[in-house]
Structures are given as structure tokens and as C-alpha cells.
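> structure of the sequence below:
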Amino acid sequence: MKFILQYTDKVSSARAGQIETDHGTIETPIFMPVGTVATVKGIHQHELKEDIKAQIILGNTYHLYLRPGVDILRQAGGLHRFNGWDGPILTDSGGYQVYSLSQRRKIKEEGVTFRSHIDGSKHFFSPENAMDIQRIIGGDIIMAFDECTPYPCDYHYAKRSMKMTHRWLERCCNHFDKTTDLYDYTQTLFPIVQGSTYKDLRKESAETIASFEREGNAIGGLSVGEPAPEMYETTALVCSILPKDKPRYLMGVGTPTNILECIALGIDMFDCVLPSRNARHGLLYTRRGVMNMKNAKWKDDFSPIDEESTCKTSRFYTKAYLRHLFQSRELLAAQVATLHNLSFYLWLVGEARKRIIDGTFLQWKNKMVQSLEVRL
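Residues are numbered from 1 along each chain as shown. Coordinates of the predicted model:
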């Protein structure tokens, strides 16, 4: 993997760059649609590429490990060949799912024992086998195994957890470097900064992560319930420490406003289930604000869902028709809404990139975030 920093905004820390992988080039800043169980829910791979213009998608190690399982993925030749997506893929390590299974897991120095949410069966993730599993899944970019702390989090617990994440990172790197790519392309490992919202811990973690000198770095443990100002303050601190010549990935973030504000702080990569999850509940994002397509106000509105959208589906179907689909609980409702929201997110980061390059980013961002919060 190679990262080329092309432009830096003169009045903010926003950046535009390129990440080169064996499965293609990614223009940053970028949003990665989440394909939890080998699919972005309700979306065909050709729609991801042709309509949404996705450049990279995310696969979830915990879920893929349970279903279809590593044996099937190895037989298939990795996730790319299993699901037919021929662009770059990033896999998380399962650490966030372990965090979310607080009633079903036990964390020790050796790793994490947890029970499947599917059938209650017992499993174990360690830094080493998290690398092996992600090798088999076949992500172009794979993540170090870490512990994601909750919010709020006791300082002493956050510190112990961070220290263990750093020890786990060393084990991840050692094991990753001793193993080889299973398929005909190169895989890259990203470490993850932790430390909750404590400045001294985040500083220590960012410095430690940077010292491993991997090809890119991630920031975890945010967007877990903390107020947005704390997220931004923590992100700004970490970005001031992480190397400028490597991509920075803010995990699990977030709303369109969150994304624009964090681009301004120096983040290059984002992922979040929000656009697809909210789409399935009828919530649509547009450059003029948010629409709840289940509201009665749309029942006789025969204008396009969003005539400004880059998504042809959003320009073809009407608001009244989409509301009807939701009221009728038709599967097409979720598909149309998901196409719209993911297209909007990809338009948003693509437009941010253009504005960074032409020098108008900050003014455009400040105006845009005001519109994004409007309820239509």
C-alpha cells in the first residue's frame, strides 16, 4: 500500500490524497460503506461500483468468522472472490464487536473469550489469530486487535486497556510480519489509537502507535456515546501527533456533520453503519437537510426524492412513491433509501476533496453543516 498526500488546506487541517492498493486507488477523504456479513445490506456489487461510486468497502471480522466461516472464505479464495467485489476491502479486527458483547465475553491478556450471538457457542480471539482470520478473509487493509472502551470510562480502566491494546499491537505486528499474504495481492496492517477521551492517554497512545511505523493508522474508541465536542477535541489531538505522510482512519464515524468536521481536523478515512441503517428506517440525508420518508407530508409529493442527488435512483423515484413503499413495507423501500444515502455520503466526501483542492473547503464546510442539520 502507498499513500500520496496531494493537497493540504491552507486554513484547516483537511487533506486530499490517494491510497494505492493492489485492488485499486482510493481518493481521500473517503467513506467506506459497511458490508458487515459480506454484503452492504440490500445493495448489489455493481450498484456499489456504478451508482454509489464506492471505492472501498468494509468487512466485519467477527461476523464473517461466524458466518460463513474461515473455511468457506479460504476455499473461495478470500472475500473478494466470495462476494464478487473487485475493489479494495478493509477488515476490522473484531475488537468493536467484542466491546459490544459485554455480557458475552471475558477479556484477558491472552485474548478474548466470547460467545456467539447466533448460537451461544464459545470462541476465542487473540492478537495472533485475529491476524490469521483477517489474512484468510483477505482484506487489503486489516486492523490490529484492540479493546474498545465504553463511554464514560473510568480513567484507570482506560489506561489499563490502552496499555493492553499496545501490547496486543506488538503481538499483532510480530505475527503479521512472520506470516505471508494468502492470495495474489498485498495486505497492510493498521494499528489503532485508544485512550477514551483522556488527553494524556490519547497522546501516549498516538505516540506509541506512530512508533510502530506501519503504512497507516486508525483512531478507535470514539463515536461510542461521547458528546461531539469531545470527539472533535480528541480527534484533533491525535491528528496533531500521527504522521502526516500516512492515512488516518477514524473508525465508526459518523453523521455527515461529524465527517465534515473531522475532515477539517485531518482525517482521511471513515466508515459507519449510519447511512445504511437509517435508510432502512426511512431517514434520508440530503445536502439541504434530513427527510423522514415515513412522514405524511410526502404522501402527495410527486417530485423526485432528491433531484440534486448523484444517484439516478433518487432522481427517478418520487417522494410519494418512496413513502408508499415504506408504508407498504416493501423491500424496495430499503434498497432505494440505502442507494440514496450511500450515494450522498460518497458525494459528500468527494465534494470535500474537490473543495480542499480548489481552496474553498472551510467556507463550504461551514455553510454545509448548517444545512445538514435541517429537518425537512
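> number of residues surrounding Glu170?
14 (other CB atoms under 10 Å). Backbone N, C-alpha and C define where each C-beta goes, glycine included.
> Met131 too?
26.
> tell me the secondary structure for it?
helix (DSSP: H, G, I helix; E, B strand; the rest coil).
> isn't it right up against Asp177?
No - using CB atoms under 8 Å, Met131 is not in contact with Asp177, being 9.6 Å away.
> against Ala130, how distant is the nearest residue to Ser126 once chain neighbours are set aside?
By the measure of CB to CB, 6 or more residues apart in numbering, the closest residue to Ser126 outside its immediate chain neighbours is Gly111, 3.3 Å from it. Distance from Gly111 to Ala130, counting by CB to CB, to the nearest Å: 8 Å.
> which of these two has more neighbours?
When Gly111 and Ala130 are compared for neighbours, Ala130 comes out ahead with 31 against 19, by other CB under 10 Å.
> quick one: residues contacting the closest residue to the more buried one other than its chain neighbours.
Counting by CB to CB, 6+ apart, Phe145 is the residue found nearest to Ala130 once chain neighbours are left out, at 3.9 Å. Counting by CB atoms under 8 Å, 6 or more residues apart in numbering, Phe145 makes contact with 93-95, 111, 125-127, 130-131, 168, 172.
> hang on, the earlier thing: and the gap between the residue nearest to Ser126 and Phe145?
Distance from Gly111 to Phe145, by CB to CB: 8 Å.
> repeat for Tyr232
According to CB to CB, Tyr232 and Phe145 sit 27 Å apart.
> how's this protein carved up into domains?
Listed by automatic domain parsing, the domain ranges of the chain are 2-271, 273-376.
> let's have the ones you listed in CSV, adding mean pLDDT.
Shown next, in CSV, are the domains of the chain (pLDDT from 0 to 100):
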stretch, mean pLDDT
domain 2-271, 96
domain 273-376, 97
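> tell me the most buried of these?
Scoring those by mean neighbour count under mean count of other CB atoms under 10 Å gives domain 2-271 as the most buried, with a mean of 20.
> which residues does Arg105 contact?
Applying CB under 8 Å, 6+ apart, we find Arg105 in contact with 98, 112-115.
> which residue, other than its chain neighbours, is closest to it?
Among residues not flanking Arg105 along the chain, Phe114 sits closest, at 3.7 Å (CB to CB, 6+ apart).
> secondary structure element for the one you found?
strand 111-115 (DSSP states H and E).
> center of this protein, which residue is that?
Asp271 (1.7 Å; CA atoms, centre = their mean).
> the strands in the stretch 101-250 of the chain, which residues?
When secondary structure is read from DSSP state E, counting those that start in this stretch, the stretch 101-250 of the chain shows strands at 105-108, 111-115, 122-125, 141-143, 188-190, 192-193, 217-219, 248-250.
> can I get those in JSON lines with distance to Ile357?
Listed next are the strands of the stretch 101-250 of the chain as JSON lines, based on distance: least, CB to CB, whole Å:
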{"stretch": "strand 105-108", "distance to Ile357": "44"}
{"stretch": "strand 111-115", "distance to Ile357": "43"}
{"stretch": "strand 122-125", "distance to Ile357": "41"}
{"stretch": "strand 141-143", "distance to Ile357": "24"}
{"stretch": "strand 188-190", "distance to Ile357": "25"}
{"stretch": "strand 192-193", "distance to Ile357": "27"}
{"stretch": "strand 217-219", "distance to Ile357": "23"}
{"stretch": "strand 248-250", "distance to Ile357": "18"}
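> what ranges do the strands span in the stretch 251-376 of the chain?
So, for the stretch 251-376 of the chain - with DSSP E, counting those that start in this stretch - the strands run 269-271, 283-286, 289-292.
> neighbouring contacts of the second one?
When contacts are defined by CB under 8 Å, 6+ apart, strand 283-286 is touched by residues 256, 275, 278, 290-293, 305-306, 308-309, 337, 340-341, 344-345, 372, 376.
> so what pairs up with the closest residue to Met1 other than its chain neighbours in the strands?
In space, Met1 comes closest to Thr188 once its chain neighbours are excluded; the distance is 4.1 Å by CB to CB, 6+ apart. Beta-bridge pairing for Thr188 (DSSP bridges): Ile141.
> and of the strands of the stretch 251-376 of the chain, who's closest to Lys367?
strand 289-292 (13.0 Å; CB to CB).
> can you tell me what sits against the closest one?
Contacts of strand 289-292 (CB under 8 Å, 6+ apart): 282-284, 298, 319, 371-376.
> then stretch 294-311?
Contacts for stretch 294-311 (CB under 8 Å, 6+ apart): 51-53, 282, 284, 286-288, 291, 293, 313-320, 322-324, 326-327, 336, 339-340, 343-344, 346-347.
> again with stretch 169-186
1, 21-23, 74, 77-78, 80, 126-128, 130-132, 135-136, 138, 140, 142, 144-146, 187, 189, 191-192, 208-209, 212, 214.
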